[in-house]
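**Q** Sequence and predicted structure below; questions after.
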Amino acid sequence: MATVDKPQSATADAGARDYKVIGTRPIRHDGVDKVTGRARYGADIALTGMLHGAVLRSPHAHAKILSIDTSAAKKLPGVRAVVTHADLPDVASKVADLGEGMFDLRDLSRNVLAHDKVLYRGHAVAAVAADNVHIADEALRLIEVKYEVLTPVMDVVEAMQDGAPILHDDLRTEGFVSSDDAADKPTNIAKVFLHEKGNLEQGFAEADLVIEREIRTATVHQGYIEPHNATVHWNADGQITCWISTQGSFVVREQLAGLLQVPVSRVRVIPMEIGGGFGGKIPVYMAPAAAIMSKMTGRPVKMIMDRAAVLEATGPTPGSCVRVKLGVKSDGTIVAGDAWIAFEAGAFPGSPVPAGCMCVFACYDVPNGRVQGFDVVLNRPATKAYRAPGATQVAMATETVIDEICEQLKLDPLEFRLKNGAREGTRRVDGPVFARIGMLETVKAIRDSEHWQSTLDGKWRGRGVASGYWFNAGLKSAVTASVNADGRVSMLEGSTDIGGSRASISMMLAETLGIGAEDITPAVVDTDSIGYTDVTGGSRVTYATGWAAYEAGLDIQRQMCERAASIWDCDSKDVTFAAGTISGPEGKSFSFKELAQKVQSSGDPVIGRGVSDHNEPGGAFATHCVDVEVDPETGKVTILRYTAAQDVGTAIHPAYVEGQIQGGTVQGIGWAINEEYFYDKEGRMRNASLLDYRMPTCYDLPMIDALIVEVPNPGHPYGVRGVGEVPIVPPPAALANAIHAATGIRMTSLPMSPPKVLHELLKARAASGNGK
Amino acid sequence: MAKKQVVSTTINGQQEEFLCEPRQTLLEVLRDVLDMTGTKEGCSNGNCGACTVLLNGRPIDSCLVLAVEVEGAEIETIEGVAPAGGLHPLQTAFLEQAALQCGICTPGFIMQAKALLEQKPNPTEREIRFYLAGNLCRCTGYDKIVRAVQQAATAQQEVQV
Ligand code: FES
Ligand code: FES
């Protein structure tokens, strides 16, 4: 396999360390399969006797289910099974951690198939398995559901008011509730969070300038190109097998076992290749219904979601209302910060508002602070994690308020960040103290960039910057690796590979063993074939699974040293392993390959085992800079140039690190200027297609320059920090700040789509006579 | 259910006859009848380009074509792009430029880009972005995809010189 080693636009300063494999750009191991169409994704599976399923979904955003009559559907020739919630086992309310967010099992069960109420348009009500998908679709039309339609509540602030339509009669607010609110009455506010630091009042009293703004952000979808899929076979011996595109095969196993009320080891999950997830492919949607219908028929059942259902009934990530108030001294020193954050949870509690609370001020040293968060249910799909869940919404608020402060105090926005930016020892408002982090280094990277140094001329053009933070996750991973007689190593892992992680994990094992990346053959295996591994999410795979691979490498090193000692007939303490060479007394040595060839003839197989459960993933920081041009006639924002600087710890495979930065940035750009859920007042989504839910195309964008900053994470053997999530955080604020620089208007709601920008431009024009 | 029909076509240079219902799309037949699952489905209504194949040399969304319409046509899919034992310059370029992350959009992009390079061997960045605008990728931000097409264009020209 060829190694391509030409840096693109990155400024990786890998020279400081002496890595052989880390920092190079090998071709990914699964690459050929993916460019030739051979790779098998979830939808590509075909099994003998397989049935095809389809799901009936609610046309209403909020309604009671009075009755469901499936008798006509069952009679249609070719229909083999029909299920409703009544066919799912009863599950008690029990909270499970799925790695990126908590789930209540009973809520999950009611999301899979609606119980007594439908809570959003697109909520699954019944499912059919038939000989082919067309018959299944026909059968859906024969299912008769009687509803009592209720008024929906679609807006997060309205849902919090007394008298708002109530989704769950048994929901009571948990968490920091003031005593008069604690009355035992139904509410849509599922949970209240509170963090405090220092003395807020005193902090604001010291301020020379206080700015407070309210920002609204729209509901947006993760937008993976591959729709959800699941194929399940419930065998006659009670063993359940599930083939699925998922971010976490073990969490699918856990959810299926919980929802179907079987022990976990009865369920085997085989992760297929996955066509994007971004946080949205952690929960199960169709798999439980497919399992029940497989049990009923004795045949495998395959289900694929259509695109409208993906938009209406999976994901999305919360729309929000965020108020941020910052107080600064006249020299720009931050003295106090107060944030009020309300997130749409969708139909069931569990929005990422806790993460939003952790991130809102995390880029800065805020000596006196308060953060309040509200998790609010309303008649939209149950929201799910989306790349740095919760951080983008709050950054839009903090980073635009900071821009306004800099404008008023005539401060350079990068100098402001260098003065106030979080560094080693800074304590976040929610408590944790940062270890070595690279916030300031990302600001300096932008300051020193050719982009920032260049001048931007022209009317209606402007430049904006913004920073962002994501804490990253650690969690559990397992790797095993066996040494083959030709000196190559077969590596098994449980982390599904969404963006080239087979390569980065292999590279860390190769580095540990002193062999080449191409000498590792990685495989992502099923839940019976590897130890428990948490989801591919939270920017954790390169960190945690990489650490497990490193441990597996150390285990192989130890075994190889023992083997050499037995061959040389010496004490294994006298044998050392360094850079792929095993050295013993009297100048004896083996290369890794030489010793590997002797393994089979000299004793047991050599199999390395590595696990990790560390939680020092090192925070990830990013600072972005963007130039825009705003069309004063239409309000359209064109991106002229974009540079994203990010501290990645150590760039294991710089090309895929750049790819994460570029991809995350573009998702942030879509969130900023195009994407939103349009609901009518009955709560029907009016843009449930990829034409109308407008994600960026390549024609909308310039190249995205990724500046890799490497401040190694002291909490990882190779200095890795998570990379995948933080790049989505700064773009909306960076664009809002650039739009302000171009036009003088401050956008306070996402998306900053042409009609909204034009509206603000016309307002400003009317106020001032003629615009700018 | 309407009666199934026989359709004869050429797929990747080979004669193919298949049976299909009139309501089945070309995408469905490729994937479910012929087991050519390299062509992907992202939306089934012409909005994402994941299902792009070449129909008589022109890139089309195979989810928008009924299978019965391809009688007598020549179809090229991702499975037919690589020469035996090797890769097409676009495939090599996608790998070398790291132009795929999850890879679900990749077959569609390669088919669309192949059609572009056949028409315009030396496209500008703007032409590449315009021609690929019907193919959605949610992972890469397109930067490396555009670079891969540029690399493939250069590579193909070098071969021709
Ligand atoms: S599947 Fe055909 S365009 Fe999306
Ligand atoms: S690589 Fe995932 S959609 Fe393009």
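**A** Structure received. All of these numbers come straight from a predicted model, not from anything done at the bench. Ligands and ions are numbered 1, 2, ... in the order given.
**Q** if you skip the residues just before and after it, what's nearest to the residue in the stretch 251-400 of chain A positioned nearest to ligand 1?
**A** Going by CB to the nearest ligand atom, ligand 1 is nearest to A:Arg307 of the stretch 251-400 of chain A, at 7.6 Å. Every C-beta, even on glycine, is put in place using the N, C-alpha and C of the backbone. Spatial nearest neighbour of A:Arg307, chain neighbours left out: B:Cys43 (4.2 Å); criterion: CB to CB, 6 or more residues apart in numbering or on different chains.
**Q** how close does that neighbour get to A:Leu595?
**A** 53 Å (CB to CB, to the nearest Å).
**Q** for A:Ser482, same thing?
**A** 14 Å.
**Q** And for B:Glu74?
**A** Taken as CB to CB, the span from B:Glu74 to A:Leu595 is 55 Å.
**Q** just B:Glu41 next, same as before
**A** B:Glu41 sits at a distance of 48 Å from A:Leu595 (criterion: CB to CB).
**Q** who's more crowded, these two?
**A** Neighbour comparison, B:Glu41 and A:Leu595: the larger count goes to B:Glu41, with 28 against 22 (by other CB atoms under 10 Å in any protein chain shown).
**Q** helix/strand/coil for the more buried one?
**A** coil (DSSP: H, G, I helix; E, B strand; the rest coil).
**Q** now B:Ala153
**A** helix.
**Q** Can you give the domain ranges for chain B?
**A** If you go by automatic domain parsing, the domain ranges for chain B are B:5-80, B:89-160.
**Q** which residues touch the closest residue to ligand 1 within chain A?
**A** Across chain A, the shortest distance to ligand 1 (CB to the nearest ligand atom) belongs to A:Leu690, at 7.1 Å. By CB atoms under 8 Å, 6 or more residues apart in numbering or on different chains, the contact set of A:Leu690 is A:307, B:42-43, B:45, B:47-48, B:136.
**Q** Phi and psi next, for it.
**A** phi -80, psi -10 (degrees, to the nearest 10).
**Q** Contacts only, for the residue nearest the centre of chain B.
**A** Compute the mean C-alpha point of chain B, and by CA atoms, centre = their mean the closest residue is B:Met111, 3.0 Å away. With contact taken as CB under 8 Å, 6+ apart, B:Met111 is in contact with B:52-54, B:59, B:76-78, B:81.
**Q** Run a quick neighbour tally on the residue of the stretch 601-750 of chain A found nearest ligand 2.
**A** Of all residues in the stretch 601-750 of chain A, A:Gly663 sits closest to ligand 2, at 7.9 Å by CB to the nearest ligand atom. Neighbours of A:Gly663 under the rule other CB under 10 Å: 29.
**Q** Check A:Asp18 too.
**A** A:Asp18, neighbours per other CB under 10 Å, totals 8.
**Q** sec struct for it, please.
**A** Relying on three-state DSSP, one would call A:Asp18 coil.
**Q** Show me what B:Val6 is bridged to.
**A** B:Leu19 (DSSP bridges).
**Q** Do a quick rundown of the helices in the stretch 401-550 of chain A.
**A** A:413-420, A:439-447, A:450-453, A:501-513, A:546-568 (DSSP state H, counting those that start in this stretch).
**Q** just so I know, which of the ones you listed lies nearest chain B?
**A** Checking these against chain B by CB to the nearest CB gives helix A:501-513 as the closest, at 9.1 Å.
**Q** tell me what that closest one is packed against?
**A** Contact here means 3 or more CB pairs under 8 Å, 6 or more residues apart in numbering or on different chains; DSSP states H and E; on that basis helix A:501-513 packs against strand A:476-483, strand A:489-493, strand A:520-524, helix A:546-568.
**Q** Can you mark which positions in the second one are buried?
**A** Within strand A:489-493, the residues that qualify as buried by neighbour count (16 or more other CB atoms under 10 Å in any protein chain shown) are A:489, A:491-493.
**Q** The third one now?
**A** Judged by neighbour count (16+ other CB under 10 Å), strand A:520-524 contains these buried residues: A:520-522, A:524.
**Q** Strand partners (parallel or antiparallel) of that strand?
**A** Partners of strand A:520-524 in its sheet, by DSSP bridges: strand A:489-493 (parallel).
**Q** Just want the angle from the partner strand to helix A:546-568.
**A** 150 degrees (axes from the mean of the first three to the mean of the last three CA atoms, to 10 degrees).
**Q** Is chain B within reach of the strand or helix carrying A:Arg641?
**A** Using DSSP states H and E, A:Arg641 sits in strand A:637-647. No - Strand A:637-647 stays clear of chain B (CB under 8 Å from any CB of the partner chain), getting no nearer than 9.2 Å.
**Q** could I get that strand in CSV with only the CA atoms?
**A** Extracted in CSV, the C-alpha atoms of strand A:637-647 (Å, rounded to 0.1, in the frame of the first residue of the first chain):
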residue,chain,number,x,y,z
VAL,A,637,-24.1,35.2,2.2
THR,A,638,-21.2,34.0,0.0
ILE,A,639,-18.1,32.5,1.8
LEU,A,640,-15.0,33.9,0.1
ARG,A,641,-12.3,32.3,2.3
TYR,A,642,-12.3,30.1,5.4
THR,A,643,-9.5,29.0,7.7
ALA,A,644,-10.0,26.7,10.7
ALA,A,645,-7.3,26.3,13.3
GLN,A,646,-7.6,23.5,15.8
ASP,A,647,-5.6,21.9,18.6
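**Q** Point out where the stretch 151-300 of chain A drops to low pLDDT.
**A** Within the stretch 151-300 of chain A, the ranges that satisfy pLDDT under 70 run A:178-183.
**Q** The same query, at a cut-off of 80, please.
**A** A:177-183 (pLDDT under 80).
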